[in-house]
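Colleague: Starting from these lines, generate the structure:
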Amino acid sequence: MPLPIFRRPWLSRITGTLLLSGLALLLAGCEATLFAGLNATNARKDIVEQHGIVFDATHTLALDVYAPTHAEHAPIVVFFYGGTWVRGERAWYRFVGTTLAAHGVITVIPDYRKYPQVKLDGFMQDAAEAVAWTHAHAAEIGGSPDDVFVMGHSAGGQIAALLATDPQWLGGHGLKPTELAGFIGLAGCYDFVPVPQDDPIMLGVFGSTAEQQRRGQPVSYVHGAEPPMLLLQGTDDGEVEPSNAISLYRATQAVHGDSTLRTYPGVGHEALLFSLSRPLRGGAPALGDILAFIAAHPHAKAATHAP
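Modeller: Okay, the predicted model is just below:
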């Protein structure tokens, strides 16, 4: 079966200079400065924000909730940010929450512990607990427990995908991956075994042997009982090879799973994520694809609005 390629002409609504400057800041390690700029230009008046809700007092983990005003039975996305499993802050990704909430989708952005404080088991337990909290409090924040999606970018995509494929993590909270309304992956790490011997972070996170590493590889667990999947990937991604998304797509299709692959020509790793922000919206049609997927799969009761 030929892989579907999303091809649509697009023009950026900002200058190339701004995009390149933003990416330069990121590559220079000034993530906080870059994200603060994106968040400042993404302010919304039609949403309600709740910050710092503790979901794990033992490990001092909290989450932020972004919801449409007067939300009722709205779909919910739990978003896990990337950062090579070693860095990142939920506050940096306010633009993801405000964008989705402005289009009718409640967004939960949780903390999770990182390497070297913890390895795979630690941050996966944190992620599962955040989803379980969301499931239990869905009605309180304006949503429904039947409409909880997991979504992630890069390393966060690996985390969200593993929740959707390996039942042990949600199982610890009495939940199953099939109870998720869907999984949305943005340039996630899904198929990476064997880990290169010159990658100390991934070796530390996932282990030094192929057997250990497979525990964290989402494609290892695909067997046909996964929630619907939307896999978004830029073809010019130099950080997470597009083969990751292609491999997970093929694995799900082989067992007749419900999965969709969207590839965006000329789009890189950060540009895919940043296209969810207002100033960089022209970088890729990811937002429209995400909203369409949420509206179609499978329990979404509230209509989302076109971007």
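Colleague: Could you give the number of residues near the residue lying closest to residue 116 once chain neighbours are set aside?
Modeller: Closest residue to residue 116 apart from its sequence neighbours, by CB to CB, 6 or more residues apart in numbering: residue 204 at 6.3 Å. Using the backbone N, CA and C atoms, a C-beta is placed for each residue, glycine as well. Look at residue 204: counted by other CB atoms under 10 Å, it has 16 neighbours.
Colleague: Tell me which stretches of the protein form strands.
Modeller: Applying DSSP state E to the chain gives strands spanning 47-56, 61-68, 74-80, 106-110, 143-153, 182-186, 229-234, 259-264.
Colleague: ok, the residue nearest to residue 116 touching residue 117?
Modeller: No - assessed by CB atoms under 8 Å, residue 204 is found out of contact with residue 117, at 11.2 Å.
Colleague: Mean neighbour count, distance to residue 99 and mean pLDDT for the strands of the chain - can I get that in TSV?
Modeller: Formatted as TSV, the strands of the chain follow (neighbours: other CB atoms under 10 Å; distance: least, CB to CB, whole Å; pLDDT from 0 to 100):
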stretch	mean neighbour count	distance to residue 99	mean pLDDT
strand 47-56	15	10	97
strand 61-68	22	9	98
strand 74-80	28	11	98
strand 106-110	27	8	98
strand 143-153	25	12	96
strand 182-186	29	13	98
strand 229-234	27	15	98
strand 259-264	22	17	98
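Colleague: closest one to residue 40 among those strands?
Modeller: The closest approach between residue 40 and any of the strands of the chain, judged by CB to CB, belongs to strand 47-56 at 14.4 Å.
Colleague: hmm, who's touching the closest one?
Modeller: Contact partners of strand 47-56, identified using CB atoms under 8 Å, 6 or more residues apart in numbering, comprise 60-69, 71, 91, 97-98, 101-102, 110, 126, 129-130, 133, 141.
Colleague: do stretch 120-134 as well
Modeller: The contact list for stretch 120-134 (CB under 8 Å, 6+ apart) reads 55-56, 59, 61, 63, 76, 78, 80, 85, 108, 110-115, 118, 141, 148, 150, 159-160, 162-163, 169-170, 172-175, 180, 205-207, 215-216.
Colleague: what residue lies at the spatial centre of this structure?
Modeller: The structure's the chain has its C-alpha centroid closest to residue 152; by CA atoms, centre = their mean the separation is 1.2 Å.
Colleague: Distance check, it against residue 127.
Modeller: Computed with CB to CB, to the nearest Å, the distance linking residue 152 and residue 127 is 9 Å.
Colleague: overlap in contacts of the two?
Modeller: Joint contacts of residue 152 and residue 127 (CB under 8 Å, 6+ apart) are 80, 159-160.
Colleague: Surely residue 146 touches residue 181?
Modeller: Yes - with contact defined as CB under 8 Å, residue 146 counts as touching residue 181 (6.8 Å).
Colleague: wait, isn't residue 260 in contact with residue 293?
Modeller: Yes - if you go by CB under 8 Å, residue 260 and residue 293 touch, sitting 6.9 Å apart.
Colleague: Need the overlap of contacts for these two.
Modeller: residue 230.
Colleague: related to what we said a few turns ago, which ones are touching the residue nearest to residue 116?
Modeller: Shown in contact with residue 204 (CB under 8 Å, 6+ apart): 115-116, 119.
Colleague: Format those residues as JSON lines; extra columns: distance to residue 271 and neighbour count.
Modeller: Output for those, formatted as JSON lines (distance: CB to CB, whole Å; neighbours: other CB atoms under 10 Å):
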{"residue": "115", "distance to residue 271": "26", "neighbour count": "19"}
{"residue": "116", "distance to residue 271": "29", "neighbour count": "10"}
{"residue": "119", "distance to residue 271": "30", "neighbour count": "18"}
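Colleague: All set, thanks.
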